[in-house]
Structure formats: C-alpha cells, structure tokens
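[1] Dropping a prediction and its sequence here:
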Amino acid sequence: MTSNPAHGVHALIRGAQLLTRKELRPFIIIPLLINLVLFIALGFVMISQFDDLGRYIGSLLTDTPVDTSNMSWWRAILATGADWAASVFQWLAWLIAIVVVLLFFFVYGYLFGIITNIIAAPFNGLLAEKVEELLTGHPPPPEALHSMVFRTLGRELRKLMYFIGWGIVIFVIALLTSWTVFIPALLGALWGAWCMAIQYVDYPLDNHQRSFSELKSVLMRKKFTTLGFGGSVMLAKMVPILNIFVMPAAVAGGTALWVERIWSDGDPGKGPNGRSFPIDPMNPIDPAPATETKKWPKGIEGPKDNK
C-alpha cells in the first residue's frame, strides 16, 4: 500500500469534480445553503475583530527611532544600543505578526467547520451515501431516516469530544514549546489536518456503522495520504467564500478516498455492498462483486483491482 500526500490532495479535487454530477446535485443544495448563512453570520463577527487585530499587529511592527537629544551621554548610548538590538530582531516581530494572522484565519476556519458540520451532519451522511453508490453501484445498508439523523448527530458529538480532548493536550504542548515558534506551528498544522481527515472520511464509514476506533485505524493505514487530504481541506476552509463550497466537496472526496484508495487497498472491514476484506493482508479479495462487471459512468473510476 502506498501512502502519498498528493493522493489526499487529489481526493479533495476529485470530490469537487464529483459534485458536478447531476445525480448528486439534490444532496448538496441544503449543505451549501447552511454554509452560506453561517458564512455571512461569522463573516460579520470576524470583520468586527479586524480593527483590534490590525492595531495589535501594528504595535508589533512599530519601528520609531529613539530621540536621544535630551538624554545624558550614557543614557543615549544605552538607548541607541537598545534601539539597534530591536532593529536586529525586527524579523521576529514580522514572524509573530504572520503567525497571528494565520492563527486568526485558522480559528475562523475551525469555528466555521465545527458549526456547519454539526448542523449539516445528516445531509452529509446522505451525500456520502449517494457518492458511494455512484462510485460502486452499491449503496450502504438501508436505514430509517430518523435513525440515521440521531446516529450522525451522536457521531458528530463523539468527534467533537475527541477533537477538544486531544486539542487541549496539543495546546499545552504547543504552549510549553512556544519559545521555538516552529514546533507549535507544526503541531497545529498536523493536528488540524488529522481532524479534517477524521471529520470527512468518517461519513462513509459511519454509513456502514464502523466504529470510531476503526475509523482512526483505517486512516492510520495511509497516514500520509490522510494528512494530505486533511491538510488540503483545512487550507481551503481558511479561505473566505471558498469555504462555502469546501464541505460538500470534502464529503465527496473523503468518500472517494475511502472507496478507491483505502478500502480497495485492503481495509479489513465492511465496505461497499457489505463485503469485508479478510484480516489477512496476504489473501485479499476484490471489493467489487466477482459475478458482476460494472460499467462505470464517464469520468468515474471504480475501485482498483488488487489481484
């Protein structure tokens, strides 16, 4: 099994391409409307914070020359030396300013994602179901609508508790290593990518009622592909306007990633049509039914044959 970040990035692009299929259009209208309303509401809140953010960054980058005309000679020397030292380390102020701006947009994208994911969870589950059916010709096991709604909402809360719990641990580690600047940035990027991958690859697995622990195990099987997918989703969510369309694309892309690159490579669990790979990776089976030759729609790749 190969694990490549580029495969994860391609999965998000593929998800966006799948959304152009007419079979999926009815299932993306409501999530897009939810995203649009929340984008406008959160946009107003974040814009109201721009003034304070601008003043803070301006204070970091202030480079006012020291006036030594009214100082004694020794104070003038100390003041000039301190001013020179401050100019030498001015690059650090720029670095801090850049980190603050990135953190601002990261928080914006993260809040936007949390709220939309909880509200749109049932619709995302339906979208993942239809994407899987489009890709494989087999829908997940049938389930009553009310049961699916309660199950998906419960799953969102389970993921949220996981994100918050480990997020606190990551934050403490980042705080203790904040003097390095780079370690907190790296930890934040990796954690954000992992969370986004969990969020959107979960929908097809949840449709097959795979447990949350199974989900994490499945993603670890292709950790670099997983981080590539999650990282591209995280970056896209940080871009205003684009983030309106990211959620349905990520749901479709996460489903395609699971079907075409994870499950078809030997995920030992229930997949399309309820079939399971054996635990023994030396004896894989074809995820597509052996007695049926599937003609895939134009532009759609079927699960890979690993024989």
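    The structure has been received and is ready for your questions. Numbering: from 1, shown residues only.

[2] Now do the end-to-end distance for stretch 22-35.
    Start to finish, the residues bounding stretch 22-35 are 20 Å apart (C-alpha to C-alpha, to the nearest Å).

[3] tell me which residues of it are tucked away?
    24, 27-28, 30-32, 34-35 (16 or more other C-beta atoms under 10 Å). Every residue, glycine included, has its C-beta placed from N, CA and C.

[4] got the contact list for that stretch?
    18-19, 116, 119-120, 123-124, 126-127, 130-131, 134, 243-245, 247-248, 251-252 (C-beta atoms under 8 Å, 6 or more residues apart in numbering).

[5] cool, and stretch 119-128?
    Against stretch 119-128 from outside (C-beta under 8 Å, 6+ apart): 24, 27-28, 30-31, 34-35, 38, 117, 148-149, 152-153, 155-156, 203-204, 206-207, 247-248, 251-252, 254-255.

[6] Show the average pLDDT along stretch 227-244.
    Mean pLDDT, computed over stretch 227-244, is 87.

[7] So what touches that stretch?
    4-9, 11-12, 32, 35-36, 39, 43, 105-106, 108-110, 112-113, 189-190, 192-201, 246, 249-250, 253-254, 257.

[8] Can you list the buried residues in the strand or helix carrying residue 161?
    For residue 161, the host element (DSSP states H and E) is helix 145-176. For helix 145-176, the neighbour count (16+ other C-beta under 10 Å) marks 148-149, 151-152, 155-156, 159, 163, 167, 170, 174 as buried.

[9] In helices, which of the contacts of stretch 22-35 fall?
    18, 116, 119-120, 123-124, 126-127, 130-131, 134, 243-245, 247-248, 251-252 (DSSP state H).

[10] Tell me how many other residues surround residue 143.
    14 (other C-beta atoms under 10 Å).

[11] Checking residue 2 next. Helix, strand or coil?
    coil (DSSP: H, G, I helix; E, B strand; the rest coil).

[12] That one and residue 178: what is the separation?
    To residue 178, residue 2 is 36 Å away according to C-beta to C-beta, to the nearest Å.

[13] pLDDT at residue 303, what is it?
    51.

[14] Can you check the pLDDT for the closest residue to residue 136 other than its chain neighbours?
    Excluding its sequence neighbours, the residue lying closest to residue 136 (C-beta to C-beta, 6 or more residues apart in numbering) is residue 272, at 4.1 Å. Residue 272 carries a pLDDT score of 70 in this model.

[15] Roughly how far does residue 272 sit from residue 135?
    For residue 272, the distance to residue 135 - C-beta to C-beta - is 8 Å.

[16] about what we covered before: give me the buried entries from the contacts of stretch 227-244.
    Buried, going by 16+ other C-beta under 10 Å: 5, 7-9, 11-12, 32, 35, 39, 106, 108-110, 112-113, 189, 192-201, 246, 249-250, 253-254, 257, out of the contacts of stretch 227-244.

[17] Restricted to helices, list these.
    Short answer: these in helices (DSSP H) are 5, 7-9, 11-12, 32, 35, 39, 106, 108-110, 112-113, 189, 192-201, 246, 249-250, 253-254, 257.

[18] I'd like the buried residues of helix 145-176 written out as a markdown table, with pLDDT and distance to residue 236 added.
    Formatted as a markdown table, the buried residues of helix 145-176 follow (pLDDT from 0 to 100; distance: C-beta to C-beta, whole Å):
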| residue | pLDDT | distance to residue 236 |
| --- | --- | --- |
| 148 | 79 | 27 |
| 149 | 79 | 27 |
| 151 | 83 | 27 |
| 152 | 84 | 23 |
| 155 | 89 | 23 |
| 156 | 86 | 20 |
| 159 | 91 | 19 |
| 163 | 89 | 18 |
| 167 | 86 | 20 |
| 170 | 89 | 21 |
| 174 | 84 | 23 |
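
[19] just to revisit the earlier point, can you put the buried residues of stretch 22-35 in a markdown table and add pLDDT and distance to residue 267?
    Formatted as a markdown table, the buried residues of stretch 22-35 follow (pLDDT from 0 to 100; distance: C-beta to C-beta, whole Å):
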| residue | pLDDT | distance to residue 267 |
| --- | --- | --- |
| 24 | 89 | 23 |
| 27 | 84 | 24 |
| 28 | 85 | 26 |
| 30 | 79 | 30 |
| 31 | 77 | 26 |
| 32 | 79 | 30 |
| 34 | 77 | 30 |
| 35 | 72 | 30 |
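
[20] Show the residue spans covered by the helices in the stretch 201-307 of the chain.
    Here the stretch 201-307 of the chain has its helices, by DSSP state H, counting those that start in this stretch, at 212-220, 223-237, 242-257.

[21] buried residues in the first one?
    Counting neighbours by 16+ other C-beta under 10 Å, one finds that the buried residues in helix 212-220 are 214-215, 218-219.
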